[in-house]
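J.: Sequence first, then the predicted structure, then my questions.
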Amino acid sequence: MNLDNKYKGLITKKFNSFYLVQLNRDDNKNFKNIILCKIKKSLNFRNQLVFVGDEVIVEQIDLKTKRGTIQSVVKRNNLLERPAVANISDIYVICSVEEPKLNLSQVNRFLISAEKLGVEVSLVLTKCDLIKEEKRLFLIDKFQGWGYKAITLDPNNPEYFKKFLIELNKKKCSIFMGPSGVGKTTLLNRIIPGLKNTTASVSTKIKRGKNTTRNVELFPLSSSSYIVDTPGFNIQALEIDIRELPKLYTEIYEQVVNQGINCKFRNCLHINDQGCNLNKNFERYVFYKEMIESSKNHHYLIQED
Ligand SMILES: Nc1nc2c(ncn2[C@@H]2O[C@H](COP(=O)(O)OP(=O)(O)O)[C@@H](O)[C@H]2O)c(=O)[nH]1
Ligand SMILES: [Mg+2]
Ligand SMILES: [Zn+2]
């Protein structure tokens with residue numbers, strides 16, 4: 001869409017004060033799609049920050065040098081803070097069933113952190129080659145009870161991976177999150193063949209400090225589907241606002257919103273029995289209760305690879 005030499009585009013990478021912008025593909029077939037942009041001064045001045053994943057309007061496009069200027073941000077549905085990425089459509093929480101062992105409390109914390117963004121959250125269980133089929137089915141059943149249809153992956157069953165890839169291709173912008181060592185980098189490299197996530201070697205070469213900003217990048221799976229590559233950056237940020245918490249547990253949300261249960265007190269936290277009508281007979285209730293009780297001392301957990 002040409003708006004008098006203004007184009008819409010998507011920021012796929014950011015480094016220093018430069019941005020790579022993928023211009024809308026069906027605009028013009030002769031157009032080389034990716035251009036290098038800086039932000040218009042006034043936009044900078046108004047301190048409006050621009051992030052990877054933002055949809056932007058680009059102007060002053062120079063076709064020869066493939067340069068342009070970001071004029072404005074078109075829309076931002078959401079913004080993940082760490083890593084900083086805008087417009088995520090799907091979060092995949094990745095956990096391994098073994099090596100490292102599945103830790104249910106940790107899986108739950110990742111799921112709840114992910115739910116905070118308000119997008120679709122799915123659970124992926126990797127390394128199913130290390131467990132028996134009965135155990136895999138048992139886990140699928142367990143997480144069904146948590147409100148998640150777990151995707152299981154097993155290198156000995158490539159059809160699981162194919163199905164997952166078909167699903168990812170239908171999503172606008174997916175991101176993987178999960179603890180270290182569960183196979184996120186392995187999975188990303190399988191999804192985007194040729195992608196070399198050399199984080200480890202690069203960071204040892206440069207000896208980057210812990211607080212150094214790392215590059216985040218969007219990789220296209222198709223013309224309308226992207227996946228976020230977050231090199232060595234797997235964050236579990238859990239800042240609990242206890243009033244939000246009941247909405248983030250499907251088992252509670254279901255009862256309160258869909259079944260319309262009413263507790264005596266508005267904003268009931270479903271902890272005390274007095275006047276509470278929540279059916280607490282579900283597996284994650286113990287985790288829920290723990291989160292409410294420990295949230296007096298707010299958590300902000302950052303985990304890096
Ligand atoms: N058995 C088994 N090992 C795997 C699988 N996927 C990855 N791994 C191994 O798990 C380790 C951690 O993988 P990596 O992708 O670096 O995990 P990340 O920290 O989540 O990025 C590596 O030694 C991988 O070879 C799998 O499906 N099955
Ligand atoms: Mg990794
Ligand atoms: Zn209640």
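T.: Looks like it came in fine. Ligands and ions are numbered 1, 2, ... in the order given.

J.: burial of Lys162, as a residue count?
T.: Number of residues near Lys162 (other CB atoms under 10 Å) recorded here: 10. All C-beta spots, glycine's among them, are computed from the backbone N, C-alpha and C.

J.: What pLDDT is listed against it?
T.: If you check Lys162, the pLDDT there is 97.

J.: Check the one 5 residues further on too.
T.: On pLDDT, Glu167 comes in at 97.

J.: mind checking the SS state of the residue of the chain found nearest ligand 2?
T.: Residue nearest to ligand 2 within the chain: Thr185 (3.4 Å; CB to the ion). Here Thr185 is recorded as helix under DSSP: H, G, I helix; E, B strand; the rest coil.

J.: And it, how close does it get to ligand 1?
T.: Distance, Thr185 to ligand 1, by CB to the nearest ligand atom, to the nearest Å: 3 Å.

J.: how many other residues sit next to that residue?
T.: Neighbour count of Thr185, defined by other CB under 10 Å: 21.

J.: Could you report the distance from it to Val216?
T.: From Thr185 over to Val216 the distance is 14 Å, taken as CB to CB, to the nearest Å.

J.: which element is Arg188 on?
T.: Quick fix: residue 188 is Leu, not Arg. Assessed by DSSP states H and E, Leu188 sits inside helix 184-191.

J.: CA atoms only for that helix, dumped as PDB, please.
T.: This file holds the C-alpha atoms of helix 184-191, laid out as PDB (Å, rounded to 0.1, in the frame of the first residue of the first chain):
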ATOM      1  CA  LYS A 184      14.100 -24.400  22.600                       C
ATOM      2  CA  THR A 185      17.100 -23.700  20.500                       C
ATOM      3  CA  THR A 186      17.100 -27.200  19.000                       C
ATOM      4  CA  LEU A 187      13.400 -26.700  18.100                       C
ATOM      5  CA  LEU A 188      13.900 -23.200  16.600                       C
ATOM      6  CA  ASN A 189      16.800 -24.500  14.400                       C
ATOM      7  CA  ARG A 190      14.500 -27.300  13.200                       C
ATOM      8  CA  ILE A 191      11.700 -24.900  12.400                       C
END
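
J.: and that helix, what other elements does it pack with?
T.: If contacts are counted by 3 or more CB pairs under 8 Å, 6 or more residues apart in numbering; DSSP states H and E, helix 184-191 sits against strand 120-126, helix 158-169, strand 173-177, strand 225-229.

J.: how does it look with 7 Å?
T.: Using 3 or more CB pairs under 7 Å, 6 or more residues apart in numbering; DSSP states H and E, the elements in contact with helix 184-191 are helix 158-169, strand 173-177.

J.: who touches the shortest one?
T.: It stands for strand 173-177. 53, 85, 87-94, 110, 114, 168, 184, 187-188, 218, 226-228, 234-235 (CB atoms under 7 Å, 6 or more residues apart in numbering).

J.: Direction included, what does it pair up with?
T.: Its sheet considered, strand 173-177 pairs with strand 90-96 (parallel), strand 225-229 (parallel) by DSSP bridges.

J.: and of those strands, who's closest to ligand 3?
T.: strand 90-96 (26.8 Å).

J.: following the closest one, which helix or strand shows up next?
T.: For strand 90-96, the following helix or strand on the C-terminal side (DSSP H and E) is helix 104-115.

J.: picking up where we left off before, what is the orientation angle of the helix holding Leu188 with helix 158-169?
T.: Going by axes from the mean of the first three to the mean of the last three CA atoms, to 10 degrees, helix 184-191 is angled at 80 degrees with respect to helix 158-169.

J.: how far does helix 184-191 sit from the chain's center?
T.: 15 Å (CA atoms, centre = their mean, to the nearest Å).

J.: Ligand 3 contacts on the stretch 201-305 of the chain?
T.: Within the stretch 201-305 of the chain, the residues that sit near ligand 3 (CB under 5 Å from the ion) are Cys263, Cys268, His270, Cys276, Leu278.

J.: Quick check, the fourth one in contact with Cys263.
T.: Yes - Cys276 sits in contact with Cys263 when judged by CB atoms under 7 Å, with a separation of 4.8 Å.

J.: Find residues that contact each of these two.
T.: His270.

J.: per-domain residue ranges of the protein.
T.: For the chain, the structural domains run 7-76, 85-229, 245-294, going by automatic domain parsing.

J.: Thank you, goodbye.
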